[in-house]
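Chemist: structural data only, the sequence is not supplied:
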């Protein structure tokens, strides 16, 4: 089994995550077509509650395992790394089982809080997924810690593919019984997909003989930790990450409760409130597409950053910080510009029967700060400042909930208040984090220097797309042709942005060669000569 560098690992995992998110994005309009706007609103609320439980039992431990494994291997101690993985796997089996039972029996109460009793059965159908994904997180954390990115990437693709097919089939057939059963059927694929991914990683684990440590790999001078010490380290790393990630999703969960109830105060009926929440969920799904690439960067960055920090290699730590900041701008700025310009054709293609174009057109700026929050949190985790991210996220969440309570209840604003608060939720922690990282921890993070070339390239891309959308908007097409034109515009935007980045020096020869020498070799020589 082959290990990957940070650049190549990021490329592999982000490509997989992007493919997964595209599948999810295409799946949503199909699910809305089966369940309807009201049914999808119920489904979105059930999934928001499930996501909170999932994050609390998975997110922290996966990153904690990854960080600990990478540190132990950096210190030539693979035996303790393997023991740490096995301990985490056992812990997650019991924790996942407890969380699954909790979600199952709490489902009626959670659905009642959300003013949506129809979500009860869907929540109960999602309960087994928590246990399965807990085991999956242990394996993914180990593979990430060892820099075996390919297997992780493949598992994500398999998981989502199975999820989409099984969920659509479940929703389609059970919708014939009733709306409540159809919504529950739309969750079936989550468990089945996770089970398929677990099976794949277990196969790769034993096929690559990762369950054994060769004698020459273990340093005789390495300190051997007791099981108690390893569990202590896992808890030390995982708990604050869990708290931070949990806060982000707890904010989303409470936000769902607040928005659901305040929409009723604004004068919407329960059916219209569910449909409005469906629009908000679709908007957030679109924002999460580019963010999946940043999440991949954070997952790949953490082990390398942790290894450099434990070896006290300040130069390598700073190099990884600079690389991550540059990549955030390279991904989020074109995503922001592209979604703003293409908001109308994107919605016409994916969600023709729902509103929400204005949400994306005015709210897509959020994607820049959402991406930065992911990397800022990873920087804290890499150097051991775990609770700093927790504190700043708490500030953002309190602002978001307060704004939603006030704005969503205003009839003229209603669900758009949630779009405004979503932006504030990430912008405020971004500002605080940047101050702490640069002024207190003394990281060098020149924002304008790193943003300049991606911003110029993104604006150039936006200008081309704006002209093309105006030209194509002069004609009336069927949905199939319109879909083809929208996809064409997306690929034109990617192409224009890529070429402008090459000409402006936003991407260097070394960075491209690190990601893929083959890709670099395919760039025309006329363009390569202008590259730095």
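Modeler: Everything's here; your move. Source: prediction; values computed, not measured. Numbers count the residues shown, from 1 in each chain.

Chemist: find the nearest non-adjacent residue to residue 348, please.
Modeler: residue 482 (6.1 Å; CB to CB, 6 or more residues apart in numbering). Backbone N, C-alpha and C define where each C-beta goes, glycine included.

Chemist: please apply the same query to residue 291.
Modeler: Closest residue to residue 291 apart from its sequence neighbours, by CB to CB, 6+ apart: residue 370 at 5.4 Å.

Chemist: counting by contacts, list what the host helix or strand of the one you found packs against.
Modeler: Counting by DSSP states H and E, the element that carries residue 370 is helix 366-382. Under the contact definition 3 or more CB pairs under 8 Å, 6 or more residues apart in numbering; DSSP states H and E, helix 366-382 sits against helix 6-74, helix 227-265, helix 270-310, helix 314-341, helix 386-407, helix 416-435.

Chemist: and of these, who's closest to residue 154?
Modeler: Among the helices and strands packed on helix 366-382, the nearest to residue 154 by CB to CB is helix 6-74 (7.1 Å).

Chemist: relative to helix 6-74, how tilted is the next helix or strand after that closest one?
Modeler: Under the assignment DSSP H and E, the closest C-terminal helix or strand after helix 6-74 is helix 78-113. Using axes from the mean of the first three to the mean of the last three CA atoms, to 10 degrees, one finds that helix 78-113 and helix 6-74 are set 110 degrees apart in direction.

Chemist: which strands or helices does the helix or strand just after helix 78-113 pack on?
Modeler: Counting by DSSP H and E, the element after helix 78-113 in chain order, helix or strand, is helix 120-145. Packing partners of helix 120-145 (3+ CB pairs under 8 Å, 6+ apart): helix 6-74, helix 78-113, helix 149-174, helix 179-185, helix 188-207, helix 270-310.

Chemist: how distant is helix 120-145 from the center of its chain?
Modeler: Relative to its parent chain, helix 120-145 has a centroid offset of 15 Å by CA atoms, centre = their mean, to the nearest Å.

Chemist: ok, stretch 360-380 next?
Modeler: Per CA atoms, centre = their mean, the centroid offset for stretch 360-380 relative to its chain is 11 Å.

Chemist: in that stretch, what's buried?
Modeler: 360-361, 363-380 (16 or more other CB atoms under 10 Å).

Chemist: before we move on, what about stretch 329-347?
Modeler: Of the residues in stretch 329-347, those buried under the neighbour-count criterion (16+ other CB under 10 Å) are 329-343, 345-347.

Chemist: how does the protein divide up, domain by domain?
Modeler: As given by automatic domain parsing, the domain ranges for the chain are 6-214+223-445, 446-532.

Chemist: okay if I get these as JSON lines plus mean pLDDT?
Modeler: Output for the domains of the chain, formatted as JSON lines (pLDDT from 0 to 100):
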{"stretch": "domain 6-214+223-445", "mean pLDDT": "83"}
{"stretch": "domain 446-532", "mean pLDDT": "77"}
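
Chemist: okay, the ones you listed, which one's buried deepest?
Modeler: domain 6-214+223-445 (a mean of 20; mean count of other CB atoms under 10 Å).

Chemist: just give the nearest non-adjacent residue to the residue positioned nearest the centre of the chain, would you?
Modeler: Residue closest to the average C-alpha location in the chain (CA atoms, centre = their mean): residue 292, at 4.1 Å. Using CB to CB, 6+ apart and skipping the chain neighbours, the partner closest in space to residue 292 is residue 17 (4.0 Å).

Chemist: doesn't residue 157 make contact with that neighbour?
Modeler: No - using CB atoms under 8 Å as the test, residue 17 is too far from residue 157 to be in contact (9.2 Å).

Chemist: need the contact list for the closest residue to residue 335 other than its chain neighbours.
Modeler: With sequence-adjacent residues excluded and distances taken as CB to CB, 6+ apart, residue 335 is closest to residue 290, at 3.6 Å. Residue 290 sits next to 331, 332, 335, 367, 371 when contact means CB atoms under 8 Å, 6 or more residues apart in numbering.

Chemist: contacts only, for residue 500.
Modeler: Contacts of residue 500 by CB under 8 Å, 6+ apart are 456, 457, 460, 461, 506.

Chemist: make JSON lines out of those residues and add distance to residue 63.
Modeler: What follows is those, written out as JSON lines (distance: CB to CB, whole Å):
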{"residue": "456", "distance to residue 63": "34"}
{"residue": "457", "distance to residue 63": "32"}
{"residue": "460", "distance to residue 63": "36"}
{"residue": "461", "distance to residue 63": "33"}
{"residue": "506", "distance to residue 63": "29"}
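
Chemist: many thanks, have a good one.
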